[in-house]
Every structure is written in C-alpha cells, then in structure tokens.
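>>> Next comes the sequence, and after it the predicted model I'd like to discuss.
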Amino acid sequence: MRIENRLPLQGVKILDFMWVLAGPGITRLLADYGATVIRVESTNRTDPTRTVGPFQDSQSGAERSGLWGNNNAGKYGVTLDLSTAGAREIVMDLVQWADVVCEAFSPKAMRAWGFDYESLRQVKPDLIMLSTCLMGQSGPLSRFAGFGNLAAALCGFYNLVGWPDRPPSGPFSAYTDYIAPRFGACALMAALIHKKLTGEGQYIDQAQAESALHFLALPILDFSANQRRYQPVANRDLYHAPHGVYAATGHDRWVAIACRTEDDWRALCAVMDAPQLAADARFNTFAGRQANCDELDRLINQWTRTAEAHDLERRLQARGVAAHVVQNANDLYQDQQLHHRKHFVEVPHSELGKTWVENSRFTLSRTPARVERAAPMLGEHNQYVLEQILGYGEDRIAELVGAGALG
C-alpha cells in the first residue's frame, strides 16, 4: 500500500562533512528526496562557497550566497570546533545515529581527526561512508588538494576547449564539481540498496577526476584507436557546420546556431533570405562549409547582428534549425520552460525571510522531490540536533557550549 507524501529516502540519516561544491551537491540531492542530512561546519573555517556570489540583494554575507544556498538547501546545520574533545564526542554520537557519513576533504583530514572509515566502523559496524576528493584516497596524487578547475586541467579538458591559436582556456569554472555529484549519488544509492539486502555497510572512495573522465570517452577512444589528438576548435564542431555563437543586436547578446544536416543548412539560408548563399559552391557541401568556415561565420554574423536574439531563436527553431539564445541570469529566470518545470523554488530563510534555490534536477512521478527549507545558517540547528536528535539534556549542552565545542 502506498503511503501518501512519503519520500523515497525518508528515514535515511546522513552526517555531512562535505565541502565546497562537489560533495554538498551529492547530499543536497538526497535531502531533496527525504534523507535527513546534518551538515557539520566550523565558524573558524567557513565553507568557501559562503563567500561566493551571487548574493541576495547584491549584499555579500555568509548567509546570503546563492551558491551556498543552492548546494545546501534542506539540510540541518551544526557548527563544531573539531579541535575540542567535546566536539569529537558529538561527532561520534552522530556517527552512531547516522546510516551514512560523507566527507570531501583530502585524505589526511579525516584520519587526523580519527574519523576515517576504519575508526568509525568500530563505532558503527554497518556504516556506509563516502569520501569524495579530487584524486581519490590512494596513489601518488591522492593528497593533491584543490578545486574542480584543477581536476579539469589534470583530466585534459583544458587542452580540448578554447581557440586553436591561443593558450588553453578550459571549460567554465570548477567543471568536475558539476559532474562528480551525479556519480557520487548513484554510488551511495547502490550502497544503501546493498545494505538493505545484506545488512552490510561499505566504504566508497570517489575520485572526482576519474568521474569526469567519462565525459572524455570520445577523444580518449580516438587517441587509443587512431593516435589522433583532439585540438581546440573554439565554437566550431567536427561534425556540424556552421556551428557557432553569433552576435545579435543589443549589448552582449548572442545566439548559438548549429546545422546538423544539409536540410538544416538550406533552412538557415531560407530564414536568412539568402538563396545566393545556398547556391554558393563554397558552402553547398559539409566539407566546403568546414573549409570556408571563417567566411561563413562572417556572413552569418552580418545577418544576426541586425536582429534580436530571441527573434532569431524563434524563427530558426520554427524551421527546424538548432538555435538558442545564449541566456544570461535574467533570461534563465524568465525562461518559460524552467517555470513550467518549477525549476526555481521559493523557500523560507531564517534571516532573509525567503530566498530562491533550484529544484531537484529530475522528477520522480510517484515521489517528486520536496524542497521546503533554505540552507542552514551557521549553527542554526545546534540546539535541535543536540536536544532532539541526540537527546542531550540542558546541562550537557551548557557544558559543551562552555568548552567551546560548538564553534
């Protein structure tokens, strides 16, 4: 019998030592579907994403970061000074409460605190633990600490992205931080299913760089089979032409256009009202368009720069040409498709009154995600976690406060 309003991960308890982007993205996803997630922080060393914009109302502050808020919505937050014995005792009690412990530090951090898997399984034998860091827990680069931009460089993304006549530019931002959470969440779900079937916990060692390598399958295979090295081609493509981003009227407005077939090419020429272009011998084959791509891009730019980007998008899409406005933040917020999918969710915030976060990235028909609370403020749930979850009394809590454990 179906239990109405019950989320699929309701009852799953997660102790979250995650950090920055990749790790918190995993536990945010699980919180969306009902897991109880307690996020451990420190006021002495705040998560870097609390300092990164965009900030609500354009005012910086630890509780105003949209990046932090988006990655940690729906979690409970406690602040602990792990250099104190009292804080470490709280952690051990939370480990006994938890089904899963997650962390995203370099390998030495959890070992230094005595919170490595071998130590924690002595306290909770059926514990599931996920460690997700840049290069994994073993090997010569295991202690290489850094962000996803470094992992993207190590994996080889930087040599594939950019312009052929310029230094490598790399994909935008900490690229692997947006790939690794999907693999981490799947690994955790598999471990939870295994535990349900067998009663056994296990340790998951996720190297974020290795997770991202899945997205380089084609160039890796091409080199392995053909000894052919991919080179940067800017906005162009090996299999489509024209393929680029073209200036539209207005300040910093652009439209992306890709012609996948000869039908697409002829449709583009028709929208441009340029039959002479379709008849031009330089462009009437894919090989010709590739060979004359500079001139072709110049001619398309002449046309697009006199038109509004959304109008270009509508006209091209109506003829079956793959085209879309290069959207800025305002475009995304106004996007009708995203609104239809309820991608942006308004949630209450203890200090700001309300804020906006992204919804779950997918929809389950019988048990859709519920995103109902903002990310926790620093120490917002200290009292709740200690009193309601761990069952500490007033005297014990006061003792911990006095010892500086809740810092």
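Thanks, I have it.
>>> Let me see the ranges of the helices in the stretch 301-407 of the chain.
For the stretch 301-407 of the chain, the helices defined by DSSP state H, counting those that start in this stretch cover 309-318, 329-334, 336-340, 382-384, 394-402.
>>> can you put those in a markdown table and add distance to residue 144, mean pLDDT and mean neighbour count?
All C-beta atoms are positioned from the backbone trio N, CA, C, and that covers glycine. Formatted as a markdown table, the helices of the stretch 301-407 of the chain follow (distance: least, C-beta to C-beta, whole Å; pLDDT from 0 to 100; neighbours: other C-beta atoms under 10 Å):
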| stretch | distance to residue 144 | mean pLDDT | mean neighbour count |
| --- | --- | --- | --- |
| helix 309-318 | 42 | 97 | 17 |
| helix 329-334 | 33 | 91 | 11 |
| helix 336-340 | 37 | 94 | 10 |
| helix 382-384 | 34 | 97 | 16 |
| helix 394-402 | 35 | 96 | 13 |
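>>> Redo the ones you listed as CSV? Include distance to residue 283.
Formatted as CSV, these follow (distance: least, C-beta to C-beta, whole Å):
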stretch, distance to residue 283
helix 309-318, 17
helix 329-334, 31
helix 336-340, 33
helix 382-384, 66
helix 394-402, 73
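>>> Which stretch among those helices approaches residue 29 most closely?
Set against residue 29 and scored by C-beta to C-beta, those come closest in helix 336-340, at 18.3 Å.
>>> which secondary structure elements does the helix or strand harbouring residue 189 contact?
In this assignment (DSSP states H and E), residue 189 forms part of helix 180-198. The contact analysis (3 or more C-beta pairs under 8 Å, 6 or more residues apart in numbering; DSSP states H and E) places helix 180-198 against helix 22-32, strand 100-103, strand 128-133, strand 203-207, helix 208-212.
>>> And the helix or strand following the second one, what's buried?
What that stands for is strand 100-103. Tracing the chain past strand 100-103, the next element assigned as helix or strand by DSSP H and E is helix 107-113. Of the residues in helix 107-113, 107, 109, 110, 113 count as buried by neighbour count, 16 or more other C-beta atoms under 10 Å.
>>> again, but for stretch 47-61
Across stretch 47-61, burial judged by 16+ other C-beta under 10 Å covers 47, 49, 50, 55, 56.
>>> In helices only, show me these.
Among those, DSSP state H puts none in helices.
>>> between these, which is closest to residue 98?
For the buried residues of stretch 47-61, the minimum distance to residue 98 (C-beta to C-beta) is 19.8 Å, reached by residue 47.
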